[in-house]
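Peer 1: just to be clear, the model below is a prediction. Sequence and coordinates:
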Amino acid sequence: MTDIEIANSVKPKCIIKVAKALGLRSKNLMIVGDNVAKIVGEKCRKTKRRLILVTSINPTSAGNGKTTVSIGLADAMASKKLRVCLALREPSMGPVFGMKGGATGGGYAQVIPMEDINLNFTGDFHAITSANNLLCSIIDNHIFQGNELNIDPDKILFNRCLDLNDRALRSIEYEVSKNVKRKDNFNITAASEVMAILTIAKDLNDLKNRLGNIMVALTKNGKPVYARDLNAADAMTIILKDAIKPNLVQTLEGNPAIVHCGPFANIAHGCSSLVATNMALDLADYTITEAGFGADLGAEKFIDFKCRIGDLKPNCVVIVATIPALKLHGGVAAKDLKQENLAAITLGFDNLKKHICNMQNVFHTPVVVTLNEYASDTELEKHLVKKLVTEVTPNFAFNSVWANGGKGAIELADLVVNQCEQSYTLQYAYDLQDSIKVKINKIAKQIYGAKKVSYTKEALASIRTITKLGYDNLPIIMAKTQYSLSDDKDLLGAPKGFEITVRDLELRTGAGFVVVLLGKMLLMPGLNKTPAYAKMKIDEKGNISGLY
């Protein structure tokens, strides 16, 4: 059965019953259809507040199943009568219709209703896109109406966005007025500053203040212009007033999942919202969340950015790997992944080992490693992976959640619960008072394993501008390929002695970070040659097929 067929074969619980498991009542819910609700007010109760972060090795075309493992782990813990809640990201329709796919898990470890979550869901992404583009239209209209703030049309820093993959929008040129033409570009909504702000805003007032703090342009005299100078913050907040409320859904086994916001980790910070995470922590003893792509991107940003600003600390970090992905990192061609290859696994293990060591030695977190089993795995291959992992850390478990749901992660759940009780002091990869270059160097050398960092003229100019404006003490968000520890997507495994190139930097004053663009990384993806949308069908009754 396909994922969508499995999802549609399960009769979901009434969403009100799911909410009751978290201590929520009808008054705390804004019902959106039969199986989805927005949480409009939470009932805090005394909980253990254990936070579990699920991350992975660098992803490959073979996948790792990080979200699937998160969901299966939650179901396993719930089967042991533990109070658990998921806090996951919302999928973007760009990758849903493109190559990467959705973000609702797979097999018998899914959150439902999967069509709704993967497509329009509760309209959060549409609201973010609209608020973002409203600000863009306000900027252009201000220039058209006389430009009282003396905005330099060539120094506009805020871009339009769209929740689709569309490479044609990476660079556009249009007429603002008869005398003013300007160049612009679209980012995908997941990479927009409005998405970042909604993800970290503590409440509606914090959201409005952060929106007002967006630096949208420089004047012709080089002075910053903010969204608040254009009186844009209230109007943007009005559009987002419901989007800030987290969404409640359920797993196939009827356990609660809060799904809210969806920044990508390769071009943004890759975490679900701070509001959702804190809400889950307030309502359940164990909160399971995941951060996008590999631990070099999502987990690094989760700790260095989200944990720092949100005063959070993961009690356990779960690192997911698969044998096909290890083989790819070991040099095996995609067509040969089902063939047993112990030598390739041994080579590919270097990638997993690097992520384990980063979590243990840089951030000092308790770690559990899990192998997400595939039907093509052989007993010799699984035995080898266990041997290699346990030489680095004793905390290892197989899981078969895709095939068996929560039953496939019982051993993993036991290990995770045990690690959640370990005491440790969380460390960061860099200090906020470090210069921008020092921050970049620390991540590049400690986390990625780079030997050298080089900078383009544009990047050096941006660093000087950001420092001059007084924003050099902000956290940094690295935008790089997810497929490699380096900035070269084809450099797999655990490369050494490589150089990364900082192409440019972008300031996000509302969100409170600096985006560091590495190599050819772009903020608007394009569709691949054989995108997923081509296989999707809908019949006269509205039934969807081909959606995984």
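Peer 2: Yep, that arrived. Source: prediction; values computed, not measured.

Peer 1: what about the helices in the stretch 251-400 of the chain?
Peer 2: Using DSSP state H, counting those that start in this stretch, the helices of the stretch 251-400 of the chain run over residues 274-283, 300-301, 308-310, 323-329, 342-357, 379-390.

Peer 1: of the ones you listed, which approaches G262 most closely?
Peer 2: Distance to G262, taken as Cβ to Cβ, is lowest for helix 274-283 among the helices of the stretch 251-400 of the chain, at 11.1 Å. Quick note: C-beta positions are derived from backbone N, CA and C, even for glycine.

Peer 1: elements contacting the closest one?
Peer 2: If you count contacts as 3 or more Cβ pairs under 8 Å, 6 or more residues apart in numbering; DSSP states H and E, helix 274-283 packs onto strand 84-88, strand 256-259, strand 286-290, helix 308-310.

Peer 1: will you turn those into TSV that also has mean pLDDT and distance to S545?
Peer 2: Listed next are the helices and strands packed on helix 274-283 as TSV, based on pLDDT from 0 to 100; distance: least, Cβ to Cβ, whole Å:
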stretch	mean pLDDT	distance to S545
strand 84-88	97	24
strand 256-259	98	23
strand 286-290	98	27
helix 308-310	95	40
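
Peer 1: so which of the helices of the stretch 251-400 of the chain gets nearest M536?
Peer 2: Smallest distance to M536 across those (Cβ to Cβ): 24.9 Å, for helix 323-329.

Peer 1: tell me how far the strand ranked longest in the chain lies from the chain's centre.
Peer 2: Taking DSSP state E as the assignment, the strand of the chain that covers the most residues is strand 499-508. In terms of Cα atoms, centre = their mean, to the nearest Å, the centre of strand 499-508 is set 19 Å apart from its chain centre.

Peer 1: any buried residues in it, and which?
Peer 2: For strand 499-508, the neighbour count (16 or more other Cβ atoms under 10 Å) marks 500-508 as buried.

Peer 1: measure stretch 423-438 end to end?
Peer 2: Across stretch 423-438, the terminal residues are separated by 30 Å (Cα to Cα, to the nearest Å).

Peer 1: tell me, how many residues neighbour S26?
Peer 2: 10 (other Cβ atoms under 10 Å).

Peer 1: need the contact list for it.
Peer 2: Going by Cβ atoms under 8 Å, 6 or more residues apart in numbering, S26 touches 16, 19.

Peer 1: and for T60?
Peer 2: 324-325, 328-329, 483, 492.

Peer 1: are any of these buried, and which?
Peer 2: So, by 16+ other Cβ under 10 Å, the buried ones in the contacts of T60 are 324-325, 328-329, 483, 492.

Peer 1: okay but I200 is in contact with L274, surely?
Peer 2: Yes: the pair I200 / L274 is scored as a contact, 5.1 Å apart, by Cβ atoms under 8 Å.

Peer 1: overlap in contacts of the two?
Peer 2: Listed as contacting both I200 and L274 by Cβ under 8 Å, 6+ apart are 306, 309-310.

Peer 1: list the buried ones in stretch 424-435?
Peer 2: Per 16+ other Cβ under 10 Å, stretch 424-435 contains these buried residues: 428-430, 434.

Peer 1: can you redo the residues you listed as a markdown table with secondary structure, pLDDT and distance to L527?
Peer 2: Below are those laid out as a markdown table (DSSP: H, G, I helix; E, B strand; the rest coil; pLDDT from 0 to 100; distance: Cβ to Cβ, whole Å):
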| residue | secondary structure | pLDDT | distance to L527 |
| --- | --- | --- | --- |
| Y428 | coil | 98 | 37 |
| A429 | coil | 98 | 34 |
| Y430 | coil | 98 | 36 |
| D434 | coil | 98 | 39 |
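
Peer 1: out of those residues, which one sits closest to L297?
Peer 2: A429 (12.3 Å).

Peer 1: pull the contacting residues for the closest one.
Peer 2: Shown in contact with A429 (Cβ under 8 Å, 6+ apart): 300, 303-304, 362-363, 442-443, 446-447.

Peer 1: please apply the same query to G298.
Peer 2: Per Cβ under 8 Å, 6+ apart, neighbours of G298: 55, 265, 270-271, 290-292.

Peer 1: in strands, which of these appear?
Peer 2: Counting by DSSP E, the contacts of G298 place 55, 290 in strands.

Peer 1: buried among the contacts of G298? Need that as a selection in PyMOL.
Peer 2: A single PyMOL command selects the buried members of the contacts of G298 (16+ other Cβ under 10 Å):
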select buried, resi 55+265+270+271+290+291+292
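
Peer 1: domain-wise, how is this structure divided?
Peer 2: 3-122+243-419, 128-240, 436-518 (automatic domain parsing).

Peer 1: what's the most buried one of these?
Peer 2: With neighbours taken as mean count of other Cβ atoms under 10 Å, those reach their highest mean count in domain 3-122+243-419, at a mean of 22.

Peer 1: what about that domain, how long is it end to end?
Peer 2: 31 Å.

Peer 1: can you check stretch 449-463 too?
Peer 2: Span of stretch 449-463 from end to end, Cα to Cα: 23 Å.

Peer 1: run the chain-centre distance for it.
Peer 2: 25 Å.

Peer 1: circling back to that earlier point, any chance of TSV for the helices and strands packed on helix 274-283, columns distance to V225?
Peer 2: Listed next are the helices and strands packed on helix 274-283 as TSV, based on distance: least, Cβ to Cβ, whole Å:
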stretch	distance to V225
strand 84-88	35
strand 256-259	35
strand 286-290	36
helix 308-310	25
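
Peer 1: go through these and name the closest to D377.
Peer 2: Here strand 286-290 is closest among the helices and strands packed on helix 274-283 (Cβ to Cβ), at 22.3 Å.

Peer 1: quick check: the gap between G512 and E373.
Peer 2: 40 Å (Cβ to Cβ, to the nearest Å).

Peer 1: again but with A280, I slipped
Peer 2: From A280 to E373 the distance is 27 Å (Cβ to Cβ).

Peer 1: same check, this time on L326
Peer 2: Taking Cβ to Cβ, one finds L326 at 13 Å from E373.

Peer 1: swap in I267?
Peer 2: 31 Å.

Peer 1: low-confidence ranges in the stretch 251-400 of the chain?
Peer 2: Within the stretch 251-400 of the chain, no stretch has pLDDT under 70.

Peer 1: V225: which of the buried ones among the contacts of T60 is nearest?
Peer 2: Among these, and counting by Cβ to Cβ, the member closest to V225 is Y483, at 37.5 Å.

Peer 1: which ones are touching the closest one?
Peer 2: Y483 touches 58-60, 489-490, 492, counting by Cβ under 8 Å, 6+ apart.

Peer 1: per-residue confidence at it?
Peer 2: For Y483, the model assigns a pLDDT of 94.
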